[in-house]
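[1] A structural model of the following input is requested.
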Amino acid sequence: MIDTSKVLTTKFTDDRFPIEWKDDAEKGLFWFYDDLHCPNPISPLYYDVGGWWDCEGRWGADCTYMYQRFGAPIGQAWIAKKIGGYVYSAVVPPETDADKVGPMFDYYTKVMPIYADTFMDRWNKEYVPRLLQMHKAMLDFDFANKSLPEIMIHMEDCLDMKSEAFRIHWIINLAQFQASSNFSAVYEQLMGKSDSVEIGKINVSPKDRNWDSLKALWEMKEYINSIPALKTLFTAANAAEIMEKVVDTEGGAKLLEMVNAYREEYGFKAMYTHEFIYKTWYEDPTPIYEAVRGYVASNYDFNKEYQVCLDEQTKAIEGLYARVSDTEQLAKLKYALNLCVKMAPLTPDHHFYIDQGIYSHMRVMFVQIGKAMVRAGILEDSEDIFMLKYDEIRCAATSDYPVKELVKTRRAEMEAARKIHPQEWYGTATEWQVYSEPYKTLWGYPHKFEAEMQEKADKTEINKTVIKGIPGCPGEQEGIAHLVCDPAELDCVREGEILVCKMTNPAWVVSFSKIAALVTDTGGALSHPAVVAREFGVPCVVGTRRATQLIKNGDRVRVDGSHGVVEVIG
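    Residues are numbered from 1 along each chain as shown. A predicted model of the protein is given here:
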């Protein structure tokens, strides 16, 4: 049985707002702020039906399914709680009969390598075609001419598809996570210590949809540079002006075809993936033009960046193998490494097809439902639908259930929540939750917890000029900080600046080609910002907890990605 009895500390209250606890069992869990996915106040609709978590027993059983399918000895459910308007997650410890603990661990360790070895074939032949069918089905519906009851049935079908997609998601996620963890464990065993930077350089993807999307933007840049009139337009104008004038510019017609093709293939993403309220690139192509404009300005060389990433990976692998002389140990290392690298493309690709793909298609679907409700006089704006919960949509669509005032109240609540800086965690921190439950390493635990406890023990004032975090990608870089707290601000990041933000997701990848370094509040060495920073060779510090609070736009900062330190120097 897993021992969760050793309590490190507790935190049940916050003097800024009341926290309602259902019972002692809920208080006994470790609730951590999910800033890696949902850094902003969460919308009512996304919290109710969008999350992967088990929301009050109605949605999110897909994640519970993950633990059940694998017999995973690392949890039995992943649940959520809204605190102060923000999403907090908790992993429910596993409960296994004493006589089955050892046999179930054997089951888990014997099936996981098979998943890792065979999964890419299953992914390409079975899962990707099914996910593409879901994308099409969600939007292939005559919203304009169907009745609201008919539209409600389509909504239910889409929610079923979302659930199916996230069952696929969790099969992928745990299989890949275990392959990565196994490689890290073998590495540490043979090297005598862990090196997240070297491991990170090895565990990158040589081919995936992220690279494909960047190449497509680069191809647009290459075309623009071949047409003097287009290059002049993209050099002298901003994105809004380019969109207005491109149709009348020489070569503009072909470029518009390229942009539209990009929208259809890669546009189903938003700056914050795990939410419904942010417009996708498919709906508003402004970020596409802004990204290409940046590539023109920097003369971004996709092939060079791509080759550097592959060369760094090859160099790291060869260097690692050279340090192992024992034949048997080398074979063990190669086996673990090959499984890990084989699964690496699934980090960006599962995000492309599921996290950003399913959620963005659901967003567009819900906007269409919102438009139908506006036509019926139920809502004032199609975006208002995101302020409602699942049952409220169903009630309002088929009866006189009033929601307009409710929408205004919910918007006001979200705005009020934006003024609150979330605590890192609430509830009960046990040794198992902080140190043994593996998934929280993606959020920067146990580092973040230990840093907080050390500050409390020292009782010293927080250092506002030296900010410590977790090494994400090695290297030192000085530059001007650009703080991004809103999706619209990402387009304003300039060449050579240091991006400071709460988190990143694959939709931010286009900025990595122009920034000098990256600093995030959240994340661990295997989180998205750290992984992509290593792919682009960008010095990176993650898991700082408060960089976005202490660093201001225009500050000159020094980023030491090798030691996880950020200094404000001017």
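[2] All the helices of the stretch 351-500 of the chain, in order from the start?
    Applying DSSP state H, counting those that start in this stretch to the stretch 351-500 of the chain gives helices spanning 356-375, 390-398, 404-418, 431, 447-458.
[3] Would you mind giving those helices as TSV with mean pLDDT, distance to residue 139 and mean neighbour count added?
    All C-beta spots, glycine's among them, are computed from the backbone N, C-alpha and C. Converted to TSV, the helices of the stretch 351-500 of the chain look like this (pLDDT from 0 to 100; distance: least, C-beta to C-beta, whole Å; neighbours: other C-beta atoms under 10 Å):
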stretch	mean pLDDT	distance to residue 139	mean neighbour count
helix 356-375	97	6	22
helix 390-398	97	18	18
helix 404-418	97	24	14
helix 431	96	47	14
helix 447-458	92	39	15
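[4] OK, contacts around the closest residue to residue 283 other than its chain neighbours?
    Using C-beta to C-beta, 6 or more residues apart in numbering and skipping the chain neighbours, the partner closest in space to residue 283 is residue 364 (6.8 Å). Contacts for residue 364 (C-beta atoms under 8 Å, 6 or more residues apart in numbering) come out as 138-139, 268, 280, 282-283.
[5] can you count the residues close to residue 527?
    23 (other C-beta atoms under 10 Å).
[6] Are any of the contacts of residue 364 buried, and if so which?
    Among the contacts of residue 364, those classed as buried by 16 or more other C-beta atoms under 10 Å are 138, 268, 280, 282-283.
[7] Any stretches of the chain with poor pLDDT?
    Counting by pLDDT under 70, the chain contains low-confidence ranges at 1-2, 55-60, 487-488.
[8] can you give me the offset of the longest strand along it from its chain's centre?
    In the chain, with assignment by DSSP state E, the single longest strand is strand 476-484. Offset of strand 476-484 from its chain centre (C-alpha atoms, centre = their mean, to the nearest Å): 22 Å.
[9] Tell me which residues touch the residue nearest to residue 441 when sequence neighbours are not counted, please.
    Among residues not flanking residue 441 along the chain, residue 524 sits closest, at 4.8 Å (C-beta to C-beta, 6+ apart). Residues in contact with residue 524 (C-beta under 8 Å, 6+ apart) are 441-445, 447, 470, 530, 542-543.
[10] quick check, residue 524 in a helix?
    No: counting by DSSP: H, G, I helix; E, B strand; the rest coil, residue 524 is not part of a helix but coil.
[11] distance of it from residue 343?
    Per C-beta to C-beta, to the nearest Å, residue 524 is found 18 Å from residue 343.
[12] picking up where we left off before, which one of the contacts of residue 364 is nearest residue 209?
    Nearest to residue 209 out of the contacts of residue 364 is residue 268 (C-beta to C-beta; 11.1 Å).
[13] does the closest one sit in a helix, a strand or a coil?
    coil.
[14] Is there a neighbour count for the closest residue to residue 396 other than its chain neighbours? I'd like the number.
    Leaving aside its sequence neighbours, residue 396 sits nearest to residue 403 (C-beta to C-beta, 6+ apart; 4.7 Å). Residue 403 has 21 neighbouring residues, counting by other C-beta under 10 Å.
[15] Does residue 403 touch residue 377 like I think?
    No: if you go by C-beta atoms under 8 Å, residue 403 and residue 377 don't touch, sitting 11.3 Å apart.
[16] what's near enough to touch the residue nearest to the spatial centre of the chain?
    Centroid-nearest residue in the chain: residue 505, 4.4 Å away (criterion: C-alpha atoms, centre = their mean). Going by C-beta under 8 Å, 6+ apart, residue 505 touches 271-274, 351, 355-356, 528.
[17] ok, so of those residues, who is nearest residue 42?
    For the contacts of residue 505, the nearest to residue 42 is residue 274 (8.9 Å; C-beta to C-beta).
[18] Excluding sequence neighbours, find me the nearest residue to that closest one.
    Using C-beta to C-beta, 6+ apart and skipping the chain neighbours, the partner closest in space to residue 274 is residue 37 (4.1 Å).
[19] contacting residues around the one you found?
    Residue 37 touches 87, 273-274, 503, counting by C-beta under 8 Å, 6+ apart.
[20] Kindly report the same for residue 50.
    Residue 50 makes contacts with 162, 274-276, 359, 362, as judged by C-beta under 8 Å, 6+ apart.
[21] Max pairwise distance over those: which two?
    162 and 275 (14.1 Å).
[22] From start to finish, how long is stretch 534-543 in a straight line?
    End-to-end span of stretch 534-543 (C-alpha to C-alpha, to the nearest Å): 16 Å.
[23] Kindly present the helices of the stretch 351-500 of the chain as CSV, with separate columns for distance to residue 155.
    Shown next, in CSV, are those (distance: least, C-beta to C-beta, whole Å):
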stretch, distance to residue 155
helix 356-375, 6
helix 390-398, 7
helix 404-418, 18
helix 431, 44
helix 447-458, 38
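[24] Out of these, flag the one nearest residue 16.
    Comparison of the helices of the stretch 351-500 of the chain against residue 16 by C-beta to C-beta identifies helix 404-418 as nearest, at 10.4 Å.
[25] Show me what that closest one is in contact with.
    40-41, 43-44, 84-86, 378-380, 384, 387-388, 392.
[26] Tell me which stretches of the stretch 451-570 of the chain form strands.
    Taking DSSP state E, counting those that start in this stretch as the test, the strands found in the stretch 451-570 of the chain are 466-468, 470-473, 476-484, 498-501, 517-520, 540-542, 556-560, 565-568.
[27] circling back: just the buried members of the contacts of helix 404-418?
    Buried members of the contacts of helix 404-418, counted by 16+ other C-beta under 10 Å: 40-41, 43-44, 84-86, 378-379, 384, 387-388, 392.
[28] Turn the residues you listed into a markdown table, columns for distance to residue 108.
    As requested, those are exported to a markdown table (distance: C-beta to C-beta, whole Å):
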| residue | distance to residue 108 |
| --- | --- |
| 40 | 36 |
| 41 | 37 |
| 43 | 36 |
| 44 | 37 |
| 84 | 36 |
| 85 | 37 |
| 86 | 33 |
| 378 | 49 |
| 379 | 48 |
| 384 | 46 |
| 387 | 42 |
| 388 | 41 |
| 392 | 41 |
